[in-house]
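Trainee: pasting the sequence and the predicted model now:
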Amino acid sequence: MNDNTEKLLGLIEKLKTEELSLNDAIELRRLSAEFANVCGEAVEKKMDQFYKK
């Protein structure tokens, strides 16, 4: 995940200053979705812990 996070941040930085190629835009979308899934799983785990108390 760490490598993908760095790739995601690099593409976000690139997007700030220039237009992305189609391949970069697709990769940004893929990495963003993966990151959102990881964050969602983390939130679900914390909510489960909270409600089980």
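Mentor: Looks like it arrived, so ask away.
Trainee: over to the residue positioned nearest the centre of the chain. Which of the three states is it?
Mentor: For the chain, F35 is the residue whose C-alpha lies nearest the centre (Cα atoms, centre = their mean; 2.6 Å). Taken by DSSP: H, G, I helix; E, B strand; the rest coil, the conformation at F35 corresponds to helix.
Trainee: so how far is N2 from the nearest residue to I12 once chain neighbours are set aside?
Mentor: Nearest residue to I12 in three dimensions, chain neighbours excluded: L28, at 7.4 Å (Cβ to Cβ, 6 or more residues apart in numbering). The C-beta positions use only the backbone N, C-alpha and C, and glycine is treated the same way. Counting by Cβ to Cβ, to the nearest Å, the gap from L28 to N2 is 17 Å.
Trainee: between the two, which one's more packed in?
Mentor: In terms of neighbours (other Cβ atoms under 10 Å), L28 is the more surrounded of L28 and N2; the figures are 18 against 6.
Trainee: low-confidence regions, the protein specifically.
Mentor: 1, 53 (pLDDT under 70).
Trainee: which stretches in it count as helices?
Mentor: 2-17, 22-52 (DSSP state H).
Trainee: I'd like to check the angle between the last one and helix 2-17, please.
Mentor: Meaning helix 22-52. Helix 22-52 and helix 2-17 are oriented at 120 degrees to each other (axes from the mean of the first three to the mean of the last three Cα atoms, to 10 degrees).
Trainee: so which bits of helix 22-52 are buried?
Mentor: Neighbour counts using 16 or more other Cβ atoms under 10 Å place E27, L28, L31 of helix 22-52 among the buried residues.
Trainee: reformat those as CSV; add distance to T17.
Mentor: As requested, the buried residues of helix 22-52 are exported to CSV (distance: Cβ to Cβ, whole Å):
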residue, distance to T17
E27, 17
L28, 14
L31, 18
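Trainee: what's the closest of the residues you listed to L9?
Mentor: Taking Cβ to Cβ as the measure, L31 is the one of these closest to L9, at 9.3 Å.
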